[in-house]
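Chemist: what follows is a predicted protein model with its sequence.
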Amino acid sequence: MLTRRSFLKITSFALLALSFKVSSKQIKSIYMPQDYKKNIESDLIKWDSIPLHRTGTDGDEQTANWLAEEILKTKAKPELDSFQFTQRVPGRSNVTDGVNKARGLPMFDGGSTGHEGIRGKAGTLSDTMPLAITNYGSNDRYESTNLLNKARRQNKHLGIIAIANVAPSVPGLAVLNAESYREPYGPPVLQVATKEEDWLLKAQQEGRYLTMFSELKEKRTSALNIQTKILGKNRSLKPLVVMTPRSGWWTCTSERGGGICIWLNAIRYFSNYQPERTVIFTANTGHELSHIGLDHYLEKNPELISGAHAWVHLGANFASKDGSVLWQASSKEFMKGGLEALSKEKMEEVISMPVGNRPLGEARNIYDGGGQYISLLGGNPLFHHPDDRWPDAIDMPKLLKLNNMMINMIVGLASEHQFLG
């Protein structure tokens, strides 16, 4: 097992003007279907064998050490960067009417009931009853989620019981990211599974008393980012940064697994074929907690935000079955290059974020700092859902195509004259 080591601060790079062109130059063929399929399957099976990837948990540390071991196999040097943070650990988390009981998960950026809980009748978000019952989706693109967050800001209820309602076809407990983890707000919110809706709404209609527990206990602990660096042939060139998140609420195999697989495969590739420019790889924890791991990395390496040649964001969900592909980029040229590459791979249901809009996922941190980026994400019917597991949630043919596309793009960006093909 590797010991934790702080990431060595990268020396500052002068900011050069970005020059990009789509080139028809031939890139060395690196798509080896059998080799990559074997790597990807092995990586996904290992990822899925760790049931909980939440930041600061034992599973989070296991994942970091496994990634370090995979990096060592390439003869690159893994660096484990430990940082301190305040972990919120769920305590008593349920709601009962004395007969029925629903277990759930608190919202990690909301309040805590404490061990004593809250007792009262439940109404809706629009009234002033002590408790409110509502539905929500697993991200803020659902109107129900926006209404929930509005009620949290208004803070007129002692507690809110939020029933997961992502889609009728995927009942369960898909939870929300804690986007305000550093600045929690509003009352305690208990997220419960879809199956609890009938009895909770009946209790609400009949005016029965409910007792809600949504307890969060705080402790100072540590979490891990993992990095490695492959030196380029020409050290005067600005570095390329390849990043992926590596934490989530549950096992989240199709949510996180695609990014992890391509990230590892890019390291494996460059360990055999030295790039022209230095390539820095970082896999950061804290995704579900408002990107605290990436924020830590950027605080330690502020010169890279706008000083890197470009950032490659390997984001969420693009490996998922029955999910769309989303492409984001910081420039028209990057946008065009990515969409053309996706078209070559015959990708269906491709969505693009307009250039200039603040992007989704960790690419937003680079956008906010004025950096250049390309970003691959996707949709996922099992987003933040416990059933997001290997192999059923994975679209392997799609992932193999996207692996081919992104490795080629990373190779192009790591070249001296920068081209994507």
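Modeler: Cool, the structure landed. Residues are numbered from 1 along each chain as shown.

Chemist: send the alpha carbons of stretch 253-260 over as CSV?
Modeler: What follows is stretch 253-260 as a C-alpha-only set of coordinates in CSV (Å, rounded to 0.1, in the frame of the first residue of the first chain):
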residue,chain,number,x,y,z
THR,A,253,-20.1,2.6,-12.1
SER,A,254,-21.5,4.1,-15.3
GLU,A,255,-21.4,7.6,-13.9
ARG,A,256,-17.7,7.6,-12.9
GLY,A,257,-16.3,4.5,-14.6
GLY,A,258,-16.0,5.8,-18.1
GLY,A,259,-13.8,8.7,-17.1
ILE,A,260,-11.6,6.5,-14.9
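
Chemist: so for it, what gets flagged as buried?
Modeler: Using 16 or more other C-beta atoms under 10 Å as the test for burial, stretch 253-260 gives 253-260. Glycine gets a C-beta too; all of them are placed from N, C-alpha and C.

Chemist: spit out the contact partners of the residue nearest to Gly117 when sequence neighbours are not counted.
Modeler: Once flanking residues are discounted, Gly117 sits nearest to Phe213: 4.3 Å by C-beta to C-beta, 6 or more residues apart in numbering. Contacts for Phe213 were tallied using C-beta atoms under 8 Å, 6 or more residues apart in numbering; they are 91-95, 113, 115, 117-118, 190.

Chemist: and the next helix or strand past the longest strand along the chain?
Modeler: With secondary structure taken from DSSP state E, the chain has its longest strand at strand 209-230. Going down the chain from strand 209-230, the next helix or strand is strand 240-245, by DSSP states H and E.

Chemist: what mean pLDDT does that following strand get?
Modeler: For strand 240-245, mean pLDDT rounds to 98.

Chemist: same deal with stretch 148-155?
Modeler: Stretch 148-155 carries an average pLDDT of 97.

Chemist: which parts of that stretch are buried?
Modeler: 148-149, 151-152.

Chemist: need the max-distance pair from the residues you listed.
Modeler: Asn149 and Ala151 (7.3 Å; C-beta to C-beta).

Chemist: and Leu72, its phi and psi?
Modeler: phi -60, psi -30 (degrees, to the nearest 10).

Chemist: was I right to think it contacts Glu79?
Modeler: No - using C-beta atoms under 8 Å as the test, Leu72 is too far from Glu79 to be in contact (11.3 Å).

Chemist: those two: which is more packed in?
Modeler: Glu79 (20 against 13; other C-beta atoms under 10 Å).

Chemist: for that one, give its distance to Pro106.
Modeler: 33 Å (C-beta to C-beta, to the nearest Å).

Chemist: could you do Leu298 as well?
Modeler: 28 Å.

Chemist: neighbour count for these two, which is higher?
Modeler: With neighbours defined as other C-beta under 10 Å, Leu298 and Pro106 compare such that Pro106 has more, 25 against 21.

Chemist: run through the residues that contact the nearest residue to the more buried one once chain neighbours are set aside.
Modeler: Excluding its sequence neighbours, the residue lying closest to Pro106 (C-beta to C-beta, 6+ apart) is Ser214, at 4.3 Å. Counting by C-beta under 8 Å, 6+ apart, Ser214 touches 93, 104, 106-107, 110-113, 159, 188-190.

Chemist: likewise for Tyr181?
Modeler: Listed by C-beta under 8 Å, 6+ apart, the contact set of Tyr181 reads 88, 108-109, 289-290, 292.

Chemist: for the longest helix anywhere in the chain, what is the average pLDDT?
Modeler: With secondary structure taken from DSSP state H, the chain has its longest helix at helix 253-272. Mean pLDDT, helix 253-272: 97.

Chemist: please compute how far that helix lies from its chain's middle.
Modeler: Remark: helix 253-272 is offset 14 Å from the chain centroid, using C-alpha atoms, centre = their mean, to the nearest Å.

Chemist: what do you get for stretch 313-320?
Modeler: 8 Å.

Chemist: export only the CA atoms of that stretch, formatted as PDB.
Modeler: What follows is stretch 313-320, C-alpha atoms only, in PDB (Å, rounded to 0.1, in the frame of the first residue of the first chain):
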ATOM      1  CA  HIS A 313     -12.400  16.900 -18.600                       C
ATOM      2  CA  LEU A 314     -13.500  13.300 -18.500                       C
ATOM      3  CA  GLY A 315     -16.800  13.800 -16.800                       C
ATOM      4  CA  ALA A 316     -19.900  11.800 -15.800                       C
ATOM      5  CA  ASN A 317     -22.200   9.300 -17.400                       C
ATOM      6  CA  PHE A 318     -21.000   9.000 -20.900                       C
ATOM      7  CA  ALA A 319     -20.500   5.200 -20.400                       C
ATOM      8  CA  SER A 320     -24.100   4.700 -19.400                       C
END
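
Chemist: re the thing from before, and the furthest pair within the contacts of Ser214?
Modeler: Going by C-beta to C-beta, the pair spanning the contacts of Ser214 furthest: Gly104 and Gly111, at 14.8 Å.

Chemist: settle it for me: which of these two has more neighbours?
Modeler: Taking neighbours as other C-beta under 10 Å, Gly104 and Gly111 compare with Gly104 leading, 24 against 20.

Chemist: SS state for that one?
Modeler: strand (DSSP: H, G, I helix; E, B strand; the rest coil).

Chemist: and which of the contacts of Ser214 is nearest to Glu206?
Modeler: Nearest member of these to Glu206, counting by C-beta to C-beta, is Gly159, at 18.8 Å.

Chemist: what ranges of this structure fall below the confidence cut-off?
Modeler: Counting by pLDDT under 70, the chain contains low-confidence residues at 1-34, 167-169, 418-421.

Chemist: domain assignment for it?
Modeler: 33-86+220-413, 89-219 (automatic domain parsing).

Chemist: buried deepest among those domains, which one?
Modeler: domain 33-86+220-413 (a mean of 20; mean count of other C-beta atoms under 10 Å).

Chemist: one step back: which strand residues bridge the residue nearest to Gly117?
Modeler: Beta-bridge pairing for Phe213 (DSSP bridges): Asn94.

Chemist: tell me how far it lies from Leu339.
Modeler: Distance from Phe213 to Leu339, by C-beta to C-beta: 49 Å.

Chemist: so which residues of the stretch 51-200 of the chain form helices?
Modeler: 58-73, 143-154, 197-206 (DSSP state H, counting those that start in this stretch).
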